[in-house]
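Q: Fold the following.
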Amino acid sequence: MIGPPGREELGRLWGLVVRSHAVITRYQDEGGAYPAAPTFSAYKGYAWLRDGSFTAEGISRYGDVVSAGRFHDWVDRVLDSRRVQVDELCAQVRRGEQPDESRMLPTRFTFDGKDGSDPWWDFQTDGYGIWLWSVVTHANRHNLDLERWRNGIDVAVDYLLAFWDRPCYDWWEEHVEHRHVSTLGAIYGGLTAIAPYTTAPVLETADRIRALVAAEGTQNGHLTKWLGTTTVDGSLPSCVVPFGLVSGDTAAATLTAVARDLDADGGVHRFTADVFYGGGQWILLSALLGWNLAAAGDTAGAWRHLRWIADQATPDGDLPEQVPHHLLHPESRAEWLARWGTVATPLLWSHGMYLILADELGLLPAHLPDSNRIDPNSTDPNLTDKA
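A: This next block holds a predicted model:
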């Protein structure tokens, strides 16, 4: 089906909006953290800044200022508690030293803000940039005083200015030896978002990121997975929307390349060599590409992705991390099932991204006329008479 949904389908899509908000808020920790996946063995008990910041954006768009604010309060407390650690790391850089990877800030935290007790691919800088973008966007949307999160903001800015160009693991916790374009895009987005609210030289660093990616992270007119390669990654559309690293022809070519190489029937793969659970299609990446299509004016393409996502929900309305359609490397799926069990379901980031794409297409409460507005607290998925 092409174009906006009819009344019956609209009710189904709205039902998943309500369910997504309910899932995210149900599992939010009392301290404010959004767990990545509350029942998945490898993620249980941990919160990522990357996942949580996108999830908070979806919740903020939904209009739940309290839940999103609690998440940002949690990040602020966690980062403020790392002030001394970041000061010591920055001092090492000023002395011309290279801090060991094990001393860097983690990519995921326990709900009380501590490092994990089990080994992980922890050194990733993108989440700190994504959080800066998310907290600024939330504050601006709801006319909130950004000073509420000032201590955490300053820690994130100092950390990124010191380590923005250091190789680290990517969004998928792989390839620590490379500088990843999506990571650089996330840092760029965070630094440019916070620029009006800090005296730190964030725009100078943002300009350096843009120049570096133009010189080494662009091939055949489109962005690449990391500097010096020609392949693409499903996270690259974030460098267009929301982070604004590129625009114009480069943005269009990047979306085209991602869709050509990684989009299959509306579901988007991470990258062509992906063997994690066989290399399935990721809900959140489908939403990310759909978000970009909506922003570019391709609403038919955006509706295609929203419908595909809704089709992947379990009978209870939970969205998984990925689905095993069009597996890139099916021979690898059994290994991960044996190692970690079934795919993470629900994944809160999937639900948060669904909310973002639904908002882009006018399905969130703020967009509905008063006469047709659906109770945002309703849990009734059969809303066709109200939509």
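
Q: Enumerate every residue touching the residue lying farthest from the centre of the chain.
A: Centroid-distance maximum for the chain: residue 95 at 34.0 Å, with CA atoms, centre = their mean. Neighbour list for residue 95: empty [criterion: CB atoms under 8 Å, 6 or more residues apart in numbering]. Heads up, the C-betas are built off the backbone N, CA and C, glycines and all.

Q: Okay, it and residue 353: tell me how far apart.
A: 41 Å (CB to CB, to the nearest Å).

Q: And stretch 30-50, end to end?
A: Start-to-end span of stretch 30-50 (CA to CA, to the nearest Å) is 19 Å.

Q: whoops, stretch 76-96 was the one
A: Start-to-end, stretch 76-96 (CA to CA) is 29 Å.

Q: Could I get the full set of helices for the protein?
A: 7-27, 49-62, 65-80, 83-94, 126-141, 150-163, 181-194, 202-216, 248-262, 283-295, 299-311, 333-340, 348-360 (DSSP state H).

Q: Now do the fourth one: which elements does it pack against?
A: If contacts are counted by 3 or more CB pairs under 8 Å, 6 or more residues apart in numbering; DSSP states H and E, helix 83-94 sits against helix 150-163.

Q: Report the buried residues of the helix it packs on.
A: For helix 150-163, burial by neighbour count (16 or more other CB atoms under 10 Å) applies to 152, 153, 154, 155, 156, 157, 158, 159, 160, 161, 162, 163.

Q: Check stretch 296-309 too.
A: Buried, per 16+ other CB under 10 Å, within stretch 296-309: 299, 301, 302, 303, 304, 305, 306, 307, 308, 309.

Q: so who does the residue nearest to residue 167 when sequence neighbours are not counted touch?
A: In space, and not counting its chain neighbours, residue 167 is closest to residue 179: 5.2 Å by CB to CB, 6 or more residues apart in numbering. With contacts defined as CB under 8 Å, 6+ apart, residue 179 is in contact with 165, 166, 167, 168, 212, 217, 226, 227.

Q: if you set the cut-off to 7 Å instead, what comes out?
A: 165, 167, 226, 227 (CB atoms under 7 Å, 6 or more residues apart in numbering).

Q: what's near enough to touch residue 169?
A: Contacts of residue 169 by CB under 7 Å, 6+ apart are 121, 123, 124, 175, 176.

Q: what's the closest of these to residue 263?
A: residue 175 (22.2 Å; CB to CB).

Q: Can you give me the pLDDT of residue 308?
A: The model reports residue 308 with a pLDDT of 98.

Q: quick one: it from residue 208, how far?
A: Residue 308 is 38 Å from residue 208, by CB to CB.

Q: again, but for residue 240
A: Taken as CB to CB, the span from residue 240 to residue 208 is 20 Å.

Q: Which residue of these two possesses the greater neighbour count?
A: residue 240 (26 against 14; other CB atoms under 10 Å).
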